[in-house]
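Visitor: any chance you can model this:
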Amino acid sequence: MPLDLFAALVAFAAATAWTPGPNNLMLMTSGVNFGFVRSIPHMAGISIGFPLMIVLVGLGIGGVFDAFPQLYLVLKIVSIAYMLWLAWRMANAGPLRKEAAAANRPMHFLEAVAFQWVNPKAWVMALSGAATYTLPANYVFSLLTIAGTFLVVNLPGCSAWTGFGVSLRKLLQDEKRVHIFNVTMAVLLVASLLPVLWELRS
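Guide: Alright, predicted model coming up:
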């Protein structure tokens, strides 16, 4: 891959992976409610699951949706329903007490991997990344380069968002404050669905 194209890929990966979106909002909330160590499987699931998604999309799964557009509509509806459920779960996560932490749990590794497939932002990133930065003359290698770049870029991004959540734990020890935080994160998660909802409307 030419150096200028690779530099553009790194910038694209950083701009999309480090900015607010469903994954990062959920990681920050997990950091607040469960701490950094318990959120590691969640971070690992995103860091590995999204590059895997890029490879599979690039190898042809994205073409299935081109051939059968109705499947994409079904995916959008499932994505919206699942993320609304996650928003409800975030809003009702409860106070930062040991008994509350025992009753709730962070997202598991496989759940975080699977979540990429119902994350609208992940689909946009995977499809646009595979379409823009692959090279026809060396398609598989360039696709793996894209996936590897996101793997490297995702790790510090996921850690930073989770760490930011952890840094808020002391501020949010008050039950009312943590409830306001969780509800706010839930609202922002729902707000991230607005482009998808608008597309369905049209």
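
Visitor: Val153 sits in which helix or strand?
Guide: Counting by DSSP states H and E, the element that carries Val153 is helix 139-167.

Visitor: can I get the helix or strand that that helix is followed by as PDB, trimmed to CA atoms?
Guide: Per DSSP H and E, helix 139-167 leads on to helix 175-191 as the next helix or strand towards the C-terminus. Taking Å, rounded to 0.1, in the frame of the first residue of the first chain, the C-alpha atoms of helix 175-191 are listed here in PDB:
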ATOM      1  CA  GLU A 175     -26.600   7.800  43.500                       C
ATOM      2  CA  LYS A 176     -28.400  10.700  41.800                       C
ATOM      3  CA  ARG A 177     -25.300  11.700  39.800                       C
ATOM      4  CA  VAL A 178     -24.600   8.200  38.500                       C
ATOM      5  CA  HIS A 179     -28.300   7.900  37.500                       C
ATOM      6  CA  ILE A 180     -28.100  11.200  35.600                       C
ATOM      7  CA  PHE A 181     -24.900  10.000  33.900                       C
ATOM      8  CA  ASN A 182     -26.400   6.700  32.900                       C
ATOM      9  CA  VAL A 183     -29.600   8.200  31.500                       C
ATOM     10  CA  THR A 184     -27.500  10.800  29.600                       C
ATOM     11  CA  MET A 185     -25.400   8.100  28.000                       C
ATOM     12  CA  ALA A 186     -28.500   6.200  27.100                       C
ATOM     13  CA  VAL A 187     -30.000   9.300  25.500                       C
ATOM     14  CA  LEU A 188     -26.800   9.900  23.500                       C
ATOM     15  CA  LEU A 189     -26.900   6.200  22.400                       C
ATOM     16  CA  VAL A 190     -30.400   6.700  21.200                       C
ATOM     17  CA  ALA A 191     -29.400   9.900  19.500                       C
END
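
Visitor: give me the helices and strands touching helix 175-191, please.
Guide: If you count contacts as 3 or more C-beta pairs under 8 Å, 6 or more residues apart in numbering; DSSP states H and E, helix 175-191 packs onto helix 22-38, helix 69-91. C-beta coordinates here come from the backbone N, C-alpha and C atoms, glycine included.

Visitor: hey, which of those is tucked in deepest?
Guide: helix 22-38 (a mean of 23; mean count of other C-beta atoms under 10 Å).

Visitor: for the closest residue to Ser47 other than its chain neighbours, give me its contacts.
Guide: Spatial nearest neighbour of Ser47, excluding adjacent residues (C-beta to C-beta, 6 or more residues apart in numbering): Asn154 at 4.2 Å. Neighbour list for Asn154: Ala17, Ile46, Ser47, Phe50, Pro51 [criterion: C-beta atoms under 8 Å, 6 or more residues apart in numbering].

Visitor: between those, which sits nearest Leu25?
Guide: Proximity of the contacts of Asn154 to Leu25 (C-beta to C-beta) peaks at Ile46, which lies at 11.8 Å.

Visitor: roughly how far does that closest one sit from Thr132?
Guide: Going from Ile46 to Thr132 by C-beta to C-beta, to the nearest Å gives 21 Å.

Visitor: who has more neighbours, the two?
Guide: Ile46 (29 against 12; other C-beta atoms under 10 Å).
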